[in-house]
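Participant: Test case, fold it:
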Amino acid sequence: VSQSRYLNIKGNITYVNKKFTEVSGWTLEECLGKNHNIVNSGQHTKDFRSNMYKTTVKERNIWNKVVTNKTKNGNFYYVDSYIKAEFDESGRHIVYISIRQDVTDIKVKELEIQNQLSATNKSNLVIEFDLDGNILFANDRFLETMGFDYIKNGGLDEIVGINHANFVTEDYSLS
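Facilitator: This next block holds a predicted model:
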């Protein structure tokens, strides 16, 4: 079930469904008439919000992004948001309609994986090959350890496409 909420042009909440109240922790009575910033996580830039306005009001298109929001008790949650501006017969902007799918579990797993990969990349030598053994990527630690100066000599550019056999003994490369 998706979350739904309607906002007037000032950003004040005029409607929310039950799923919104379950995820955000705000009751219908607590959020009606309040500014939508009650769920603002502070994680998005001004440009992020400006892009939503430009897309929905100026271009009259549907805006879609994953938004980080904050529950009533301060925890973050993530919603795949579709926002559309509605206009009256004279073309005056009258309301925003937002349909959102809670993707918190997926986003939390994604962040955990990113953190694990980042830690691995910082503490280990990492090199990636294609099926033929040609180098596709190597991290800074690998380049430094193997004597490539990443900054001065282009490091990664210097080894991409080279076969891994160039870095091991002939016996090992044949194994």
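
Participant: show me where pLDDT drops low in the protein?
Facilitator: Applying pLDDT under 70 to the chain flags residues 1, 4, 149-155.

Participant: go with 80
Facilitator: Scanning the chain for pLDDT under 80 picks out the ranges 1-7, 9, 146-158, 167-168, 173-175.

Participant: How many residues are close by Leu174?
Facilitator: Around Leu174 there are 8 other residues, counting by other C-beta atoms under 10 Å. In short, each C-beta sits where N, CA and C put it, glycine included.

Participant: Could you export the lengthiest helix in the chain as PDB, CA atoms only?
Facilitator: Longest helix of the chain, by residue count under DSSP state H: helix 104-123. Output of helix 104-123 as PDB, limited to C-alpha atoms (Å, rounded to 0.1, in the frame of the first residue of the first chain):
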ATOM      1  CA  THR A 104      13.100   2.100   3.900                       C
ATOM      2  CA  ASP A 105      14.100  -1.600   4.200                       C
ATOM      3  CA  ILE A 106      15.600  -1.600   0.700                       C
ATOM      4  CA  LYS A 107      17.400   1.800   1.200                       C
ATOM      5  CA  VAL A 108      18.800   0.700   4.600                       C
ATOM      6  CA  LYS A 109      20.200  -2.500   3.000                       C
ATOM      7  CA  GLU A 110      21.700  -0.500   0.100                       C
ATOM      8  CA  LEU A 111      23.400   1.900   2.600                       C
ATOM      9  CA  GLU A 112      24.800  -1.100   4.500                       C
ATOM     10  CA  ILE A 113      26.200  -2.600   1.300                       C
ATOM     11  CA  GLN A 114      27.700   0.800   0.300                       C
ATOM     12  CA  ASN A 115      29.300   1.100   3.800                       C
ATOM     13  CA  GLN A 116      30.800  -2.400   3.600                       C
ATOM     14  CA  LEU A 117      32.100  -1.800   0.100                       C
ATOM     15  CA  SER A 118      33.600   1.500   1.200                       C
ATOM     16  CA  ALA A 119      35.300  -0.100   4.200                       C
ATOM     17  CA  THR A 120      36.600  -2.900   2.000                       C
ATOM     18  CA  ASN A 121      37.900  -0.500  -0.600                       C
ATOM     19  CA  LYS A 122      39.800   1.500   2.100                       C
ATOM     20  CA  SER A 123      41.300  -1.500   3.900                       C
END
